[in-house]
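Enquirer: Next input, structure requested:
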Amino acid sequence: MAFDMSQIDYHSSVPGDKEKEAVTGPSWLEQLPSELVYNILSYLSPFDLAAISATSRALYTRATTDHLWQALIQENVPGVRVKSPSPCPSFKALYQAHDPRWFLPKYKIWFSDGDLTGRLVITRYDPRRGCIEGYQLVAASRSRTVQPWAADPNVMIHNFDPVVQLHLDKPIIQLDAPDPAEPHDFRSDTISSGGITTIKLSRDRSCSSSPSGDAHAEISRSRLSSEVPMRSNSDSMYSTFIHSRILTEFELSFRIDEPFPYGSIWPPPTIPSDQRVLGTSFHRFRQQLLRREARPSCRAKLSDKTFRVRKWVTMRIPGINGSNSIRNSLTNANTIPVNDDPEVDETLPSRVHIGEEIATYATLDPKLYTPTKEKPWRGIWVGDYSGHGCEFLLVTQPDDEEPFDASSLEPREGESPKDFERRKYEKTVYRGRLDAVKLTGDPNVPRGELTFRVDDLGDAGLVKVCQDEPFEGVRIVRSEGHVASAGFVLDDFITSRLLLISHDRLAQHWIDWGHISFFERVNIDRFLAPV
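Expert: Numbers count the residues shown, from 1 in each chain. You can find the predicted model right below:
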């Protein structure tokens with residue numbers, strides 16, 4: 001019997017006796033021992049697990065078992081052990097509550113295109129409250145002392161001792177699981193019938209649906225394209241979460257080669273990504289981002305590596321159901337329709353927004369920031385930018401076109417084993433490019449731009465091994481630093497030197513400016529567990 005995978009229920013009704021009678025006999029899967037069935041089901045995606053639960057009563061019972069859905073949630077929640085589905089009655093209900101936004105804690109690192117500075121946000125799941133939250137990562141240096149370099153008294157060393165923490169007082173993302181005791185709003189893409197709630201998930205790559213599922217497909221489209229209100233600590237500040245649509249190859253083709261801001265795409269070309277969307281670009285296309293065309297109509301078009309946050313301030317307007325009418329409307333609605341829908345006036349009694357801000361966020365491929373034995377400087381870093389304060393960087397080391405085989409090296413005549421091992425290490429590690437891209441920027445060089453680059457960490461780029469304190473024994477290589485005037489105009493790369501102090505600490509000698517600034521690795525994982 002063919003199964004239509006274009007529409008899938010999370011909460012399918014339990015197959016009854018009539019459905020079972022229509023089948024000639026139990027499937028081979030049902031005849032297996034329970035432990036084997038559970039093992040097989042553990043390899044299924046949420047889509048397949050929901051689909052198989054609709055085939056028979058026996059498989060429904062097994063496919064809705066809590067430990068299967070707990071594992072699916074845990075896959076998306078690094079750094080935290082999810083032991084309870086609270087406030088939801090089951091792990092399946094918890095998965096449904098935050099679907100399709102589990103990618104937020106999964107990828108954990110998000111950087112925005114807001115203004116020239118942008119933001120770096122860490123998202124995580126809080127099992128105590130069952131919510132997905134995201135906070136801005138901020139940094140400040142405990143030391144602002146300056147000392148001359150012994151090797152060149154005209155060069156000043158700016159000491160750097162950063163404190164990195166989350167700005168917990170002002171969440172960027174705050175997505176609560178709905179209270180199971182409260183009824184779902186019709187805009188939440190839930191359909192209640194006979195006490196059984198269903199959610200249709202579009203899986204068809206063409207985003208088409210069967211004729212019988214047109215109503216469900218329309219609700220699903222509305223759900224993916226609608227704005228999701230987020231809890232705020234302010235009586236007058238409002239924010240919503242918006243899914244973004246992946247740009248097609250054709251849409252990218254005439255944007256990505258443009259000069260800054262690169263046709264308003266995000267993430268920018270400096271950061272490798274398999275998904276790009278229309279960015280904010282200093283509000284040039286703000287209204288376009290609120291239109292239905294900029295939002296996904298089905299899961300195949302939904303980006304799980306980007307999203308948008310919309311914020312605004314609303315003044316209390318007397319005479320409209322009291323001063324809290326807007327707050328109440330946001331609280332009672334699970335989603336807000338897109339602004340070209342006539343229902344928007346029913347959801348928002350007042351459309352007067354003050355200081356509206358829309359920011360597009362993108363994540364990073366973990367490979368880009370995960371260090372390896374051969375590429376030890378990959379990672380998220382924080383750097384000292386003097387008057388601009390601390391800024392966060394992505395340091396990348398592209399893979400070699402031809403991987404280096406350390407076993408091809410042989411000891412030289414008279415070379416000690418210790419010296420041979422050191423030479424193998426240097427040949428393995430000191431090779432290839434190194435690029436540092438700003439995840440947060442400043443008025444001169446904005447977020448998403450290179451801040452410095454090294455063409456070759458190996459012998460071709462080697463300047464010397466320093467013999468002077470405080471950098472004795474440190475390898476110094478040629479680099480280029482990115483500079484610009486305010487507003488990112490007249491940008492250029494100037495000659496500089498990169499000091500490879502350790503795998504967790506770097507220094508950049510800005511030769512023309514006569515100073516040395518430091519960069520330090522940030523351990524993102526220590527921010528994933530709520531305390």
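
Enquirer: Next up, the contacts around the residue lying closest to residue 267 once chain neighbours are set aside.
Expert: Nearest residue to residue 267 in three dimensions, chain neighbours excluded: residue 362, at 4.0 Å (CB to CB, 6 or more residues apart in numbering). Where you see a C-beta, it was placed from the backbone N, CA and C, and this is true even at glycine. Residues in contact with residue 362 (CB atoms under 8 Å, 6 or more residues apart in numbering) are 110-113, 266-267, 271, 273, 277, 305-306.

Enquirer: And residue 362, what's its pLDDT?
Expert: Residue 362 is assigned 98 on the pLDDT scale.

Enquirer: Next one: it from residue 414, what distance?
Expert: As defined by CB to CB, to the nearest Å, residue 362 lies at a distance of 53 Å from residue 414.

Enquirer: again, but for residue 105
Expert: When distance is defined by CB to CB, residue 105 is 56 Å away from residue 414.

Enquirer: Could you do residue 428 as well?
Expert: Taking CB to CB as the measure, residue 428 falls 22 Å from residue 414.

Enquirer: Of the two, give the one with the bigger neighbour count.
Expert: The residue with the greater number of neighbours, taking residue 428 and residue 414 and applying other CB atoms under 10 Å, is residue 428; the counts read 16 against 6.

Enquirer: What are the phi and psi values at that one?
Expert: Residue 428 adopts backbone torsions of phi -80, psi -40, taken as degrees, to the nearest 10.

Enquirer: so what's the nearest residue to it once chain neighbours are set aside scoring on pLDDT?
Expert: Nearest in space to residue 428, with sequence neighbours left out and distances taken as CB to CB, 6+ apart, is residue 406 at 5.2 Å. Looking at residue 406, its pLDDT is 75.

Enquirer: what about residue 406, how many residues close to it?
Expert: Here the neighbour count serves as a burial measure; for residue 406 (other CB under 10 Å) it reads 13.

Enquirer: How about residue 95?
Expert: 22.

Enquirer: quick one: what helix or strand has it in it?
Expert: Counting by DSSP states H and E, the secondary-structure element that holds residue 95 is helix 91-98.

Enquirer: tell me which strands and helices that helix is in contact with?
Expert: helix 66-75 (3 or more CB pairs under 8 Å, 6 or more residues apart in numbering; DSSP states H and E).

Enquirer: the inter-axis angle of the helix it packs on versus helix 91-98?
Expert: The directions of helix 66-75 and helix 91-98 differ by 40 degrees, with axes from the mean of the first three to the mean of the last three CA atoms, to 10 degrees as the criterion.

Enquirer: Mean confidence (pLDDT) on helix 66-75, please.
Expert: 97.

Enquirer: does the closest residue to residue 30 other than its chain neighbours sit in a helix or strand, and which one?
Expert: With CB to CB, 6+ apart as the criterion, residue 30 has its nearest non-adjacent residue at 4.8 Å, and that residue is residue 58. Residue 58 is part of helix 57-63 when elements are defined by DSSP H and E.

Enquirer: pLDDT below threshold where in the stretch 151-300 of the chain?
Expert: 179-222, 233, 235, 281-289 (pLDDT under 70).

Enquirer: Now do the same contact list for the closest residue to residue 472 other than its chain neighbours.
Expert: Nearest residue to residue 472 in three dimensions, chain neighbours excluded: residue 466, at 6.3 Å (CB to CB, 6+ apart). By CB under 8 Å, 6+ apart, the residues touching residue 466 are 151, 472-476, 499.

Enquirer: domains for this protein, by residue range?
Expert: The record's domain split for the chain, according to automatic domain parsing, is 226-362, 366-527.

Enquirer: mind giving me CSV with those and columns for distance to residue 74?
Expert: Output for the domains of the chain, formatted as CSV (distance: least, CB to CB, whole Å):
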stretch, distance to residue 74
domain 226-362, 17
domain 366-527, 16
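
Enquirer: List just the one of these that sits closest to residue 122.
Expert: Set against residue 122 and scored by CB to CB, the domains of the chain come closest in domain 366-527, at 4.8 Å.

Enquirer: Between the two ends of that closest one, how far is it?
Expert: The distance separating the two terminal residues of domain 366-527, taken as CA to CA, to the nearest Å, comes to 16 Å.

Enquirer: and which of the contacts of residue 466 is nearest to residue 386?
Expert: Looking at the contacts of residue 466 and their distance to residue 386, the nearest is residue 499, at 17.1 Å (CB to CB).

Enquirer: Next, that closest one: phi, psi?
Expert: Listed backbone geometry of residue 499 is phi -100, psi 120, with angles given as degrees, to the nearest 10.

Enquirer: Nearest residue to it in space, ignoring adjacent ones along the chain?
Expert: Nearest residue to residue 499, sequence neighbours excluded (CB to CB, 6+ apart): residue 507, at 4.0 Å.

Enquirer: how about that neighbour, secondary structure?
Expert: In terms of secondary structure, residue 507 is strand; the call rests on DSSP: H, G, I helix; E, B strand; the rest coil.

Enquirer: any idea how far it is from residue 144?
Expert: 16 Å.

Enquirer: higher neighbour count, the two?
Expert: For residue 507 versus residue 144, neighbours defined as other CB under 10 Å are more numerous around residue 507 (22 against 12).
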